[in-house]
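*Asks:* Provide a 3D model corresponding to the input given below.
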Amino acid sequence: MIIINNQLVTILISIIAIFTIACQTSPAKKIETPDNSTQNIQVQKSKNTDKKSIEFVIKKNDNSTARYIVNEQLVKLPSPNDAIGSTKEIEGKIVLSENGQISSDFNSFFDVNMLSLKSDSTRRDNYLKRNSLESNKFPIASFNITKINNLPFPAPTNQNLDFEIVGILTIRDISKEITWDVSGKFDGTKLTGLAKTEFNFGFFEIDIPKVFVVVSVKDLIQLEIEFEAIKVN
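*Replies:* Numbering: from 1, shown residues only. I've put the predicted structure just below:
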């Protein structure tokens with residue numbers, strides 16, 4: 001029995017020795033996995049690089065005009081006529097994203113200097129500064145553009161374009177969303193056109209003028225902007 005046990009022990013030791021040597025001479029292969037974080041960073045960087053915007057700038061010059069139109073009946077005239085006040089002190093910009101919509105990364109706006117509005121009557125102009133528009137206190141009317149509708153993109157050159165501009169108009173300390181109807185044309189370097197909108201006096205809590213030389217005023221304010229917007233990129 002002792003001899004048999006010694007033989008078994010010898011066999012077991014030999015098997016263990018062979019197994020140990022095999023493990024030492026055949027190291028396990030390292031499995032490499034792709035670095036997904038690096039791939040994600042590269043894809044994201046490429047996406048941001050491809051992002052582009054198109055900017056149009058409106059400068060204060062003779063090529064852009066903002067005006068109001070209100071129909072009134074004066075005591076000295078036999079029939080109603082339009083009171084028109086205008087200014088060339090308008091500036092702003094329109095920034096389109098790569099899909100032709102208003103960019104959410106940049107501010108698109110129009111600013112109009114209300115103090116510079118002039119009509120054919122100094123009396124009317126001074127009245128508006130002190131009363132209806134209170135432009136002595138609130139000299140700037142601003143329009144913050146939030147959306148553009150029906151503008152083909154890329155815009156065809158030298159063709160009539162009819163579209164809408166939507167945004168928030170602030171007159172005095174009152175802000176309301178309005179829509180401008182725009183007729184314009186793009187020649188490849190600039191966008192020109194006429195934007196129109198209208199609303200009642202009460203929409204912006206504007207008092208209808210009441211002076212002795214005016215019999216009546218129609219409860220409708222029309223706004224127009226003739227613009228030249230230069231493409232800068």
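
*Asks:* Now for the chain, the helix or strand with the poorest mean pLDDT.
*Replies:* helix 36-50 (a mean of 37; mean pLDDT, DSSP states H and E).

*Asks:* Contacts for the very next helix or strand once past that helix, please.
*Replies:* Per DSSP states H and E, the first helix or strand lying C-terminal to helix 36-50 is strand 54-58. With contacts defined as CB atoms under 8 Å, 6 or more residues apart in numbering, strand 54-58 is touched by 64, 90-96, 106, 110, 190-191, 227-233. Backbone N, C-alpha and C define where each C-beta goes, glycine included.

*Asks:* what pLDDT does residue 78 get?
*Replies:* Looking at residue 78, its pLDDT is 89.

*Asks:* dump the residue contacts of the residue nearest to residue 100 when sequence neighbours are not counted.
*Replies:* What sits nearest to residue 100 in space, not counting adjacent residues and going by CB to CB, 6 or more residues apart in numbering, is residue 153, at 2.7 Å. For residue 153, the contact set (CB under 8 Å, 6+ apart) comprises 96, 99-100.

*Asks:* Where does residue 153 sit: helix, strand or coil?
*Replies:* Here residue 153 is recorded as coil under DSSP: H, G, I helix; E, B strand; the rest coil.

*Asks:* Just name the closest of the contacts of residue 153 to residue 206, please.
*Replies:* residue 96 (32.2 Å; CB to CB).

*Asks:* what's the neighbour count on the closest one?
*Replies:* 21 (other CB atoms under 10 Å).

*Asks:* leaving aside the residues next to it on the chain, what's closest to it?
*Replies:* With CB to CB, 6+ apart, the residue lying closest to residue 96 is residue 54, at 4.5 Å.
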